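Trainee: Sharing a model prediction with you, sequence too.
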Amino acid sequence: MANTFGHLFRITTWGESHGGGVGVVVDGCPPRLALSEADIQPDLDRRRPGQSKIVTPRKETDTVQILSGTFEGLTLGTPIAMWVKNEDARSEAYSEMATKFRPSHADYTYQAKYGIRAWPGGGRSSARETIGRVAAGAVAKKLLRERFGVEILACVSQVQNLQAAVNPETLQLSAVESNIVRCPDAAVAAQMIQLIEQRRAEGDSVGGIVLGVARGVPPGWGEPVFDRLEADLGKAMLSLPASKGFDIGSGFNAIRLTGREHNDAFRNVGGRVRTLTNRSGGVQGGISNGETIYFRVAFKPVATIMHEQETVDAQFQNTTLKGRGRHDPCVLPRAVPMVEAMTALVLADHALRHRAQCG
């Protein structure tokens, strides 16, 4: 079940980067949710390659088609199958990778595990697999928004050493989408774009941080012990290609504070329990407390660079390899809808689990 995620709201993604297409099956979506391709395509457009000068130039429309699970514009409660055709694969750019392992990619580990791998474009390990996640996430986002009043957003908050000050309480989609790097701070965004362009010109890459936000989550979602809400969010984010770290609320910065400085005091505000601060990031004891959930996901620099590097071939002989083909110099702008999608999938699953258990 390594290609399946979730319990009650469950998805299974399929397909390889240079195969016929990629897609997803969503199982457990409640019936009578209005749904069409128009609800899904905007998020895929935000994820697709070729959308700006700072992402890979691969030209894909990433046009989604719903194959099952809806009738007359409404979900049936049955599995929803969606797919996107691969239109611009150029496998010849990867011919050398058929016998050489790319440094810091999944080539060697996939070969070690399966004894076979789809080397064109990285096959299943390619970020193109996330099309299925984003399509499914769009369904989950609509369910959460319309039936639970939950809003999900993400943005780029840091590229290498360039850091933007972002308030999770006031973050707006319009600000995120106002520039091609998807950073809501226009001045810092301009510097980020310049840095990414510089690294691309040098044949190199750069990483950074995506901030994820969920507003309107009621208290009570999540499970104690193993299925804590932050644990499931962490697993979801660390399952994304190129992700290397996750923290929630104050995260690693909490070590600089004392308990008295860090604790979120409670207060009754108009008959509702609120916290005076939100260093917990909206989750306490693995369960949502009604405050805004916010977290950070660290993404490494893209592994494909246009410089010669040491590696080994399929016979484990030492050799060298230089990156070729079309690649992102920075994954962050396209990772924003991926982070939103995985957030929505976790929260939709926990929303249904909470309803099933607690009514």
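Mentor: The structure has been received and is ready for your questions. Keep in mind that this is a model prediction, so the values were computed, not measured.

Trainee: so who does N3 touch?
Mentor: When contacts are counted by CB atoms under 8 Å, 6 or more residues apart in numbering, N3 touches 12-14. In this view, the C-beta of every residue, glycine as well, is placed from N, C-alpha and C.

Trainee: Can you lay out those as TSV showing secondary structure, neighbour count and pLDDT?
Mentor: Below are the contacts of N3 laid out as TSV (DSSP: H, G, I helix; E, B strand; the rest coil; neighbours: other CB atoms under 10 Å; pLDDT from 0 to 100):
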residue	secondary structure	neighbour count	pLDDT
T12	strand	19	98
T13	strand	19	97
W14	strand	16	96
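
Trainee: Pick the one among the residues you listed closest to T75.
Mentor: Using CB to CB, T12 comes nearest to T75 of those, at 16.9 Å.

Trainee: Tell me who's in contact with the closest one.
Mentor: Under the criterion of CB under 8 Å, 6+ apart, the neighbours of T12 are 3-5, 24-25, 27.

Trainee: So which elements touch the helix or strand encompassing A356?
Mentor: Taking DSSP states H and E as the definition, one finds A356 inside helix 332-358. Taking 3 or more CB pairs under 8 Å, 6 or more residues apart in numbering; DSSP states H and E as contact, the helices and strands that helix 332-358 lies on are helix 37-47, helix 130-148, strand 151-159, strand 208-215, helix 229-238, strand 293-299.

Trainee: With mean neighbour count and mean pLDDT as new columns, can these be given to me in a markdown table?
Mentor: Formatted as a markdown table, these follow (neighbours: other CB atoms under 10 Å; pLDDT from 0 to 100):
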| stretch | mean neighbour count | mean pLDDT |
| --- | --- | --- |
| helix 37-47 | 18 | 97 |
| helix 130-148 | 23 | 98 |
| strand 151-159 | 24 | 98 |
| strand 208-215 | 24 | 98 |
| helix 229-238 | 22 | 98 |
| strand 293-299 | 24 | 98 |
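
Trainee: Would you mind giving those as TSV with distance to T170 added?
Mentor: Formatted as TSV, the entries for the helices and strands packed on helix 332-358 read as follows, by distance: least, CB to CB, whole Å:
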stretch	distance to T170
helix 37-47	21
helix 130-148	18
strand 151-159	11
strand 208-215	10
helix 229-238	21
strand 293-299	12
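
Trainee: mind checking which of the ones you listed is nearest W83?
Mentor: helix 130-148 (8.5 Å).

Trainee: OK, contacts around V312?
Mentor: V312 touches 100-101, 108, 318-319, counting by CB under 8 Å, 6+ apart.

Trainee: Next one: the closest residue to M342 other than its chain neighbours from D39, what distance?
Mentor: With CB to CB, 6 or more residues apart in numbering as the measure, A236 is the residue that lies nearest to M342, at 4.0 Å, once sequence neighbours are left out. Here the distance between A236 and D39 works out to 21 Å (CB to CB, to the nearest Å).

Trainee: same thing with L33?
Mentor: 9 Å.

Trainee: how long is stretch 8-25 from one end to the other?
Mentor: 13 Å (CA to CA, to the nearest Å).

Trainee: List the buried residues in it.
Mentor: Going by neighbour count (16 or more other CB atoms under 10 Å), the buried part of stretch 8-25 is 8-19, 22-25.

Trainee: burial measure for T170, as a count.
Mentor: A total of 9 residues lie near T170 under the criterion other CB atoms under 10 Å.

Trainee: for G282, same thing?
Mentor: G282: 26 surrounding residues under other CB under 10 Å.

Trainee: Equivalent analysis for A2, please.
Mentor: 5.

Trainee: again with Q172
Mentor: Look at Q172: counted by other CB under 10 Å, it has 12 neighbours.

Trainee: Now for it: which residues touch it?
Mentor: 153, 184.

Trainee: circling back to that earlier point, ok, so of the contacts of T12, who is nearest L162?
Mentor: Distances from these to L162 were compared by CB to CB; the smallest belongs to F5, at 32.0 Å.

Trainee: Might you report the residue contacts of that closest one?
Mentor: By CB under 8 Å, 6+ apart, the residues touching F5 are 11-12, 236, 239, 345.

Trainee: if you set the cut-off to 10 Å instead, what comes out?
Mentor: 11-13, 24, 133, 136, 232, 235-236, 239, 342, 345-346, 349 (CB atoms under 10 Å, 6 or more residues apart in numbering).

Trainee: List the residues that contact A2.
Mentor: When contacts are counted by CB under 10 Å, 6+ apart, A2 is found next to T12.

Trainee: Let's verify it: helix, strand, or coil?
Mentor: The local conformation at A2, judged by DSSP: H, G, I helix; E, B strand; the rest coil, is coil.

Trainee: How much space separates it from D107?
Mentor: Shown here: A2 relative to D107, a distance of 18 Å by CB to CB.

Trainee: Is K100 in contact with Q111, as I believe?
Mentor: No - when contacts are counted by CB atoms under 10 Å, K100 is not listed as touching Q111 (11.1 Å).

Trainee: got any ranges where the stretch 1-150 of the chain has weak pLDDT?
Mentor: By pLDDT under 70, the low-scoring segments of the stretch 1-150 of the chain are 1, 89-93.
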